[in-house]
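>>> I'd like to go over a predicted model; first the sequence, then the structure.
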Amino acid sequence: MKPLLTPSILAANFANLEEDIRAAERGGADYFHLDIMDGHFVPNISFGPWIAKQMKKITDRPLDAHLMITNPREYIPKFIDAGVELIYPHVEASYDVYRTVQMITDYGARAGITLNPATPVSSLEGVIDLIDSVLIMSVCPGFGGQKFIPSSMKKITDLRALLDEIKPSVRIAVDGGVTLENIRDLRKAGADFFIAGSAVFKAPDIEERVRAMKKAME
Ligand code: DX5
Ligand code: ZN
């Protein structure tokens with residue numbers, strides 16, 4: 001599986017979003033990541049489907065939406081209508097997460113599932129038939145700019161082994177504290193999608209940082 005670099009726009013400059021997106025594109029960004037926070041599931045509020053619509057006007061790179069929200073089913077159709085291709089609800093958000101994931105595929109988007117740092121990898125087994133990626137949170141969700149939790153590295157290795165057994169086509173995404181320094185090790189551990197906010201958009205030169213991160217992960 002080809003590794004894909006996915007900048008998270010949470011760390012971008014919203015006073016001039018287009019300029020930051022263009023720089024990331026020039027560096028070779030493969031995807032863009034939208035962090036959706038409701039101030040309830042996580043202690044922070046970000047943005048909603050309207051930003052996805054604006055992003056579709058700016059870029060033709062695919063978008064994923066990471067739903068850190070309590071009622072994902074209320075918003076899934078809105079994100080898909082706005083043009084989001086891949087949606088990651090949290091396994092911790094509902095007791096009937098299967099229904100949530102099924103809604104994503106029924107609406108014609110690709111589904112992933114997100115696991116918080118303390119959630120065991122086995123918790124994805126109930127939805128494995130519907131998903132094509134698993135997002136491992138390597139920080140507690142809610143904020144950009146946090147430090148990578150070291151045990152996430154082994155969690156990715158364990159998850160890769162589990163997936164190879166039950167559904168080898170499923171890809172692993174890693175989100176939180178991904179940097180130029182740890183991206184190579186994360187690739188070796190088995191990650192395929194590298195979601196990075198601060199490392200990309202707080203860099204002195206966004207284009208150059210994306211290029212360097214892509215080189216390091218390949
Ligand atoms: C955290 C978000 C992440 C965040 C990553 O809740 O899910 O996507 O934007 O930011 P960095 O790369 O700064 O850790
Ligand atoms: Zn995220």
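Yes, it's here. Numbers count the residues shown, from 1 in each chain. Ligands and ions are numbered 1, 2, ... in the order given.

>>> going forward, measure contacts between C-alpha atoms and count neighbours the same way
OK.

>>> Flag every residue of this protein that's near ligand 1.
Residues of the chain lying close to ligand 1 (Cα under 6 Å from any ligand atom) are 8, 10, 35, 141-146, 175-178, 196-199.

>>> please redo it, this time with the cut-off set to 5 Å
Contacts of the chain with ligand 1, taken as Cα under 5 Å from any ligand atom, map to 141, 142, 143, 144, 145, 176, 177, 196, 197, 198.

>>> Show me where the protein has its helices.
17-27, 49-58, 72-81, 97-106, 152-166, 183-189, 198-201, 206-217 (DSSP state H).

>>> which one of the ones you listed is the most hemmed in?
Highest mean neighbour count of these: helix 198-201, a mean of 25 (counted as mean count of other Cα atoms under 10 Å).

>>> Which strands or helices does that helix pack on?
Packing partners of helix 198-201 (3 or more Cα pairs under 8 Å, 6 or more residues apart in numbering; DSSP states H and E): helix 206-217.

>>> Would you mind pulling the contact partners of the helix it packs on?
3-5, 20, 23-29, 179-180, 183-184, 187, 199-200, 203 (Cα atoms under 8 Å, 6 or more residues apart in numbering).

>>> Let me know the angle separating it from helix 17-27.
Taking axes from the mean of the first three to the mean of the last three Cα atoms, to 10 degrees, helix 206-217 and helix 17-27 form an angle of 40 degrees between their directions.

>>> Reformat the residues of the chain next to ligand 1 as a markdown table; add distance to residue 218 and pLDDT.
A markdown table is the format used below for the residues of the chain next to ligand 1 (distance: Cα to Cα, whole Å; pLDDT from 0 to 100):
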| residue | distance to residue 218 | pLDDT |
| --- | --- | --- |
| 141 | 27 | 98 |
| 142 | 29 | 98 |
| 143 | 27 | 98 |
| 144 | 24 | 98 |
| 145 | 24 | 98 |
| 176 | 19 | 98 |
| 177 | 19 | 98 |
| 196 | 16 | 99 |
| 197 | 19 | 98 |
| 198 | 20 | 98 |
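
>>> quick one: which of these is nearest residue 164?
Nearest to residue 164 among the residues of the chain next to ligand 1: residue 176, at 23.9 Å, using Cα to Cα.

>>> Just give the closest residue to residue 191, not the sequence neighbours.
Distance criterion Cα to Cα, 6 or more residues apart in numbering; nearest residue to residue 191, sequence neighbours excluded, is residue 172 at 4.9 Å.

>>> what about the one you found, how many residues close to it?
When neighbours are defined as other Cα atoms under 10 Å, residue 172 has 23 of them.

>>> what bridges to residue 136?
Judged by DSSP bridges, the bridge partners of residue 136 are residue 115, residue 174.

>>> my guess is it meets residue 158, correct?
No - look at residue 136 against residue 158 with Cα atoms under 8 Å: they stay out of range, at 11.5 Å.
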